[in-house]
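A.B. asks: this is a predicted model, with the sequence first.
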Amino acid sequence: MASYPPPYSGADWKAQRQAMKAQARIQRNQIRMQRRAMRRGSIVGPLLLVTLGVTFLLVELGRLDWWSVTDWFGHWWPVLLIAAGVVLLAEWAVDQHTQQTRAAQGLPPVGSRILGGGVIWLLIFVAIIGGFSRMAARTWDWNNDHFRFGLGDWDRALGDPHDSDASMAQAIPADGVLTVDNPQGDVIVTGTSDDGQMHVAIHKQVFSFKDDDAERKAGELQPSISGDGGRLTLNVPSVEGGHADLTIDIPHGVAVTVTAERGDVRVSGLHAPVTVNANHGNVDLSGLTGTAVAHMHNDDASFSAHSVTGPVTLDGRIGDINVSDVHGDVLLQAAASGETHVERVDGGVHFLTHRTDFQMARLDGEFSLDTGSDLSADQMLGPVVLKTNDRNISLERVQGNVNVVNTNGSVVVTSAFPLGTITVKNRRGSVDVGVPATAGFTVLASTRHGSMEDDFDLPKSGSEDYPELKGTVGRGGPTVTIETTDGDVTLRKSSVEPLALTPPAVPKLTMVPPVVAAPKAPKAPKVKAPAPPVTPTKP
């Protein structure tokens, strides 16, 4: 029979200590889990993600450009950290007030808000990107102040500039084809050569610390002419630390294709097709007769075309656009980040971006689009079709059919006689339509949460929040349809002059100033000889 109490064993105290340790560990885990359950996440993380998401969305929609965002972020990225700190302080104050209130009411405490590890790493990442953006902005500013060149021309900082000039000549038929390829430098092409020759003037600039190295680079920059018959190719080699500006004079009937990687292109005085490929430079076309096509890929570059007889086409990415006095169709299919201005086009105009689709049959006046939200045009021949968003639109003296679709902006349309079909569908903006006072037409107008006004005393229907305007003016005719929300509708009488049957003549651009005949010398006045004296007769 076993004795009582049981004999003491030296191993029992070790087992008891292990059990106590296990119990303490379980209690710590329970406390840790309770604290985690009571924790509440901070709103800093969601706010930061929403801010970044909205910024990226505006960039993709074209409302912002990457360079502007990067430049702003490089200057103001500490504001994000300050804002995050302010939000955390506000949350801490709210938590303290909540704890005191619950303690006074005898309620159990609630957990405080904390900043998660993912949000902390995101803030660190924002700080690092902000620092790099600021360094890049300062480097760019210093680069522009001291060297005046782009990011692709860092080799110019490797030495002192050395300039030299050269010239070339080559026979080319009057109806030949010329291809120019210049990786670094400007290209100027004129059509004033009258001797059947292509004359090329080359201005070379190389950067080097040694004269012999500069001479070697200048020699390597010498262009080469290849081809036979009526097709010639003028090619400039790519030399590190150097560029060559070309001035080319050819017969005006030669078709030209210019490819410039970094440099401006100017073409004038040709009566043949012109094609320009410019990746980092401006393009200027003037005094042309024939097809003009430009492919551009630089948000900071500008495109201009003036006094062109023939269709003009632009595509790619571009900054400012300026077109005037074109006798032919104009197609501007480019992501334009700057201002657009078009004047006097005797042909169809089609302006197409990811945000705006604007078409018309003829433009006797001008069309302007600024970098903000204003789009205006006047003296247009329809059909006119405009589909866009987030713009304030003004179309004055429009003759023919008009179709406008817009969102978040006002629309003003003034029609000239004869009246065409007018359809305006807008959202969150007012609509103002002017029609000739003597025209006959049918009206179908409605708005939501707006007022209705008209100068034709038509009966109004609908409710106060959804007014409608329906009726016939005169003997009827084209239909004027107006639909909008959260904006007023105005139908007014207009008295603008109709457009001319034929467009105004496009002024001619001559490359040679007219010869003014020297004035003729005045004729010397005729002087009569004095009469001989009369001899008196003797009586």
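C.D. replies: Structure's in. What do you need?
A.B. asks: pretty sure Val398 is touching Phe417, no?
C.D. replies: No. Using Cβ atoms under 8 Å, Val398 makes no contact with Phe417, being 11.0 Å away. Where you see a C-beta, it was placed from the backbone N, CA and C, and this is true even at glycine.
A.B. asks: looking only at neighbour counts, state which of the two leads.
C.D. replies: Val398 (27 against 17; other Cβ atoms under 10 Å).
A.B. asks: tell me what the helix or strand where the more buried one lies is packed against?
C.D. replies: According to DSSP states H and E, Val398 maps onto strand 392-407. If you count contacts as 3 or more Cβ pairs under 8 Å, 6 or more residues apart in numbering; DSSP states H and E, strand 392-407 packs onto strand 374-381, strand 384-387, strand 411-427.
A.B. asks: hmm, 10 Å instead?
C.D. replies: strand 357-360, strand 362-369, strand 374-381, strand 384-387, strand 411-427, strand 431-436, strand 479-485 (3 or more Cβ pairs under 10 Å, 6 or more residues apart in numbering; DSSP states H and E).
A.B. asks: turn these into TSV, columns for mean pLDDT.
C.D. replies: TSV is the format used below for the helices and strands packed on strand 392-407 (pLDDT from 0 to 100):
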stretch	mean pLDDT
strand 357-360	95
strand 362-369	94
strand 374-381	93
strand 384-387	96
strand 411-427	93
strand 431-436	94
strand 479-485	94
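A.B. asks: turn these into TSV, columns for distance to Ala93.
C.D. replies: Formatted as TSV, the helices and strands packed on strand 392-407 follow (distance: least, Cβ to Cβ, whole Å):
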stretch	distance to Ala93
strand 357-360	52
strand 362-369	48
strand 374-381	45
strand 384-387	50
strand 411-427	42
strand 431-436	49
strand 479-485	42
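A.B. asks: beta partners for Lys460?
C.D. replies: Leu469 (DSSP bridges).
A.B. asks: begin at 305 from here
C.D. replies: Done: numbering now begins at 305, and the last item shifts to Lys764.
A.B. asks: check contacts around it.
C.D. replies: Taking Cβ atoms under 10 Å, 6 or more residues apart in numbering as the contact definition, Lys764 lies against 749, 756-758, 771-775.
A.B. asks: and it, how close does it get to Thr751?
C.D. replies: 11 Å (Cβ to Cβ, to the nearest Å).
A.B. asks: common neighbours of the two, please.
C.D. replies: Joint contacts of Lys764 and Thr751 (Cβ under 10 Å, 6+ apart) are 771-773.
A.B. asks: who wins for neighbours among these?
C.D. replies: Among the shared contacts of Lys764 and Thr751, the one with the most neighbours (other Cβ under 10 Å) is Leu773, at 22 neighbours.
A.B. asks: can you name the residues that contact that residue?
C.D. replies: Contacts of Leu773 by Cβ under 10 Å, 6+ apart are 747-751, 756-758, 760, 762-766, 784, 786, 793, 795.
A.B. asks: which among those residues end up buried?
C.D. replies: 747, 749-751, 756, 758, 760, 762, 784, 786, 793, 795 (16 or more other Cβ atoms under 10 Å).
A.B. asks: roughly how far does the spatially most central residue of the chain sit from Pro687?
C.D. replies: Compute the mean C-alpha point of the chain, and by Cα atoms, centre = their mean the closest residue is Ser641, 1.2 Å away. To Pro687, Ser641 is 28 Å away according to Cβ to Cβ.
A.B. asks: now Ile625
C.D. replies: Distance of Ile625 to Pro687, computed by Cβ to Cβ: 23 Å.
A.B. asks: who's more crowded, the two?
C.D. replies: Taking other Cβ under 10 Å, Ile625 and Pro687 do not tie; Ile625 has more neighbours (21 against 16).
A.B. asks: list the contacts for the nearest residue to the more buried one once chain neighbours are set aside?
C.D. replies: Sequence neighbours aside, Thr644 is the residue nearest to Ile625 in space, at 4.3 Å (criterion: Cβ to Cβ, 6 or more residues apart in numbering). Contacts of Thr644 were listed using Cβ under 10 Å, 6+ apart, and they are 607, 622-627, 636, 638, 655, 657, 660, 662, 671-675, 679.
A.B. asks: cutoff 8 Å now
C.D. replies: By Cβ atoms under 8 Å, 6 or more residues apart in numbering, the contact set of Thr644 is 624-626, 636, 655, 671-673.
A.B. asks: which of the residues you listed tops the neighbour count?
C.D. replies: In terms of neighbour count, Phe655 stands highest of the contacts of Thr644 at 26 neighbours, by other Cβ under 10 Å.
A.B. asks: surely that residue is within a strand?
C.D. replies: Yes. Assessed with DSSP: H, G, I helix; E, B strand; the rest coil, Phe655 lies in a strand.
A.B. asks: how about it: what's its closest non-neighbour residue?
C.D. replies: That would be Phe662: by Cβ to Cβ, 6+ apart, it lies 4.3 Å from Phe655.
A.B. asks: tell me which of the buried ones among the contacts of Leu773 is nearest to Gln331?
C.D. replies: Thr751 (69.1 Å; Cβ to Cβ).
A.B. asks: I figured the closest one was touching Asp769, is that so?
C.D. replies: No. Look at Thr751 against Asp769 with Cβ under 8 Å: they stay out of range, at 9.3 Å.
A.B. asks: coming back round to it: for the residue nearest to Phe655, give me its contacts.
C.D. replies: Taking Cβ under 8 Å, 6+ apart, we find Phe662 in contact with 653-656, 671, 679, 681, 689-692.
A.B. asks: so what pairs up with the residue nearest to Ile625 in the strands?
C.D. replies: Following DSSP bridges, Thr644 is listed with bridge partners Ile625, Leu673.
A.B. asks: distance of it from Ala681?
C.D. replies: Distance, Thr644 to Ala681, using Cβ to Cβ: 11 Å.
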